[in-house]
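>>> here are the coordinates; sequence isn't available:
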């Protein structure tokens, strides 16, 4: 009974628009993906035949991504950073969720806004701010104790801190949304039956939160994995995959191995996202 | 006893929050503010002053870049809203129930693909030896290869592409909650399509519109990859200036100044947007 259904012509135009929009959405991903399988030195037409060389070939000049040491090291660094920062962000996010859903304290609304603020600070600025602040502390330590704390210089620890600073907002919001729906009478029932507070938390509340913790972890991991702006400012010698790829793109130009990495990333993040949706849905049905 | 444990757990929960916000957000931001107010008077010698800001105002290239970034970000936000709204409305209100989840998921998939991959996809499509140029030649529409990269139009198309999903997602979740009876009532009372849209749909969707616009605007103004890869050397994007000052020229004072200016500017736009529409950060961005 909507307006668009009343006139068949308008309805058709509307549907065509939506279809065109989804083509627009998919076109660049398709373009990036298809040329990973083209047997050519450049990711462009003409089509030279199907190949998996850009994934598995082990000799130059067509070095596949699974034999390209720099890309693999980048992938390793990305995984390492992603797992650490997501775990930290989920822990901090859980604390924040309990803080804002369960506790009452002065200036709660103002502090809540403060919790959301990292999402509206541009990533580049989060990056430089943490770079500057860490360097100030490092220089201070260097001057006073005559010792250079390398973990405060650009590198993986700073990348973790930089990504943590805004991922925690995301995880807090995801977990808080789930905690809000929790029926507190379940906890009271367990307490009345003689369980201790810690036991209630471990056997009633946390199991209820597991799907949210899991999806918060996945979201944080994916955002960390693909983050570029904050990471760019904090990167040292151990570059994660996005930075390695960008370097390659700027210095060497685009080669189909970058298409292969793109395909790999699309499949990987697609599967993870799907997994998170499935877990969420199963738990909600149950 | 009960209130003591309550207080203890409050402190325990407050500690990580406070450490995070103070050490990773407030102090670092204050840090770039401080560095931006340092004037270099000699090697390793600094004085307090506004010289960096004066330099910014005195150099037209700098403030032109900021203005350009600003109006292009606003343009991208408006375009994303205009392009995204009909799609969000379709998903939330017109699509059949089974199709809805699928379409929504389809919207989310590119969200999980890195900016870099998306920009790379556009490069493969649009450059001189790219697919579109090739297809147009094959069709006989153009005689020789055309370069479609490295102009403002392409940068805008790419930016809209990167951010439009962040517009659609909050819009869908807001429109989803709208009762169709509201629309029925509007039509029954004699409202035209346009009136129903303006008087019922838009006001109802306002929180979604505001939060979509804020996120979109922030992401655009703070974006780095898309303008640089699609715009090439002449993209003159403000984040590029910040990067150049920090990493290429190692002039942290100027870089920090640019960072503060970008932050002030984006905060101002977000504040003005919230103010004009009577929304707050907690009711819009945090709703997701």
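Received the coordinates, thanks. In this text the structure is predicted, and so the values were computed from the model without any measurement. Residues are numbered from 1 along each chain as shown, chains lettered A, B, ... in the order given.
>>> excluding its backbone neighbours, what's nearest the closest residue to chain B within the stretch 101-250 of chain A?
Residue nearest to chain B within the stretch 101-250 of chain A: residue A:122 (2.6 Å; C-beta to the nearest C-beta). Backbone N, C-alpha and C define where each C-beta goes, glycine included. Take residue A:122 and drop its neighbours on the chain: the residue closest to it by C-beta to C-beta, 6 or more residues apart in numbering or on different chains is residue B:222, 2.6 Å away.
>>> same thing with residue B:238?
Once flanking residues are discounted, residue B:238 sits nearest to residue B:69: 4.0 Å by C-beta to C-beta, 6+ apart.
>>> Can you check which helix is longest in chain A?
Ranked by residue count and defined by DSSP state H, the top helix of chain A is helix A:69-102.
>>> Next one: it, is it in contact with chain B?
Yes - residues of helix A:69-102 are located near chain B by C-beta under 8 Å from any C-beta of the partner chain, namely A:91, A:92, A:95, A:96, A:98, A:99.
>>> List only buried entries from these.
Among those, the ones that count as buried by 16 or more other C-beta atoms under 10 Å in any protein chain shown are A:92, A:95, A:96, A:98, A:99.
>>> Greatest separation within the residues you listed: which pair is it?
Across these, the longest distance by C-beta to C-beta is 11.1 Å; it joins A:92 and A:98.
>>> pLDDT below threshold where in the stretch 151-286 of chain A?
Within the stretch 151-286 of chain A, the segments meeting pLDDT under 70 span A:282-286.
>>> all helices of it, in order?
For the stretch 151-286 of chain A, the helices defined by DSSP state H, counting those that start in this stretch occupy A:156-180, A:184-192, A:197-200, A:206-226, A:229-234, A:241-251, A:256-285.
>>> right, is the first one up against chain B?
Read it as helix A:156-180. Yes - using C-beta under 8 Å from any C-beta, we find that helix A:156-180 touches chain B at A:161, A:164, A:165, A:168, A:173.
>>> Need the buried ones from those selected in ChimeraX.
Per 16+ other C-beta under 10 Å, the buried members of the residues of helix A:156-180 next to chain B correspond to this ChimeraX selection:
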select /A:161,164,165,168,173
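>>> Let's have the residues of helix A:156-180 next to chain B in JSON lines, adding distance to residue B:100.
Shown next, in JSON lines, are the residues of helix A:156-180 next to chain B (distance: C-beta to C-beta, whole Å):
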{"residue": "A:161", "distance to residue B:100": "40"}
{"residue": "A:164", "distance to residue B:100": "35"}
{"residue": "A:165", "distance to residue B:100": "35"}
{"residue": "A:168", "distance to residue B:100": "32"}
{"residue": "A:173", "distance to residue B:100": "23"}
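>>> count of neighbours near residue B:279?
When counting by other C-beta atoms under 10 Å in any protein chain shown, one arrives at 18 neighbours for residue B:279.
>>> pretty sure it contacts residue B:209?
No - assessed by C-beta atoms under 8 Å, residue B:279 is found out of contact with residue B:209, at 9.4 Å.
>>> Residue A:218: neighbour count?
For residue A:218, the count of nearby residues is 23 (other C-beta under 10 Å).
>>> Grab the nearest non-local neighbour of it.
Excluding the flanking residues, the one nearest residue A:218 by C-beta to C-beta, 6+ apart is residue A:276, at 4.1 Å.
>>> what's the closest of the residues of helix A:69-102 next to chain B to residue B:257?
For the residues of helix A:69-102 next to chain B, the nearest to residue B:257 is residue A:92 (31.2 Å; C-beta to C-beta).
>>> neighbouring contacts of stretch A:176-195?
Stretch A:176-195 has contacts (C-beta atoms under 8 Å, 6 or more residues apart in numbering or on different chains) with A:96-98, A:100-102, A:197, A:199-200, A:203-205, A:208-209, A:211-212.
>>> Return a ChimeraX selection command for the buried portion of these.
In ChimeraX syntax, the buried subset of the contacts of stretch A:176-195 is picked out as below (16+ other C-beta under 10 Å):
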select /A:96,97,98,100,101,102,200,204,205,208,209,211,212
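>>> could you pull out the strands for chain B?
Here chain B has its strands, by DSSP state E, at B:38-42, B:45-48.
>>> Figure out how far the shortest one is from the centre of its chain.
In this view, strand B:45-48 has its centroid 35 Å away from the chain centroid, taken as C-alpha atoms, centre = their mean, to the nearest Å.
>>> Give me the sheet partners of it and which way each runs.
Under the criterion DSSP bridges, strand B:45-48 sits next to strand B:38-42 (antiparallel) in its sheet.
>>> Report the buried residues of the partner strand.
By neighbour count on 16+ other C-beta under 10 Å, the buried set for strand B:38-42 is B:38, B:40.
>>> For the spatially closest residue to residue B:225 that is not a sequence neighbour, report the pLDDT, please.
Using C-beta to C-beta, 6+ apart and skipping residues adjacent in sequence, the residue nearest residue B:225 is residue B:115, 4.8 Å away. Residue B:115 is assigned a predicted lDDT (pLDDT) of 80.
>>> gap between residue B:115 and residue B:63?
Taking C-beta to C-beta, to the nearest Å as the measure, residue B:115 falls 27 Å from residue B:63.
>>> between these two, who's got more neighbours?
A side-by-side neighbour count of residue B:115 and residue B:63, using other C-beta under 10 Å, places residue B:115 first with 21 against 14.
>>> who touches that one in this structure?
Shown in contact with residue B:115 (C-beta under 8 Å, 6+ apart): A:226, A:228, B:162, B:223, B:225, B:226.
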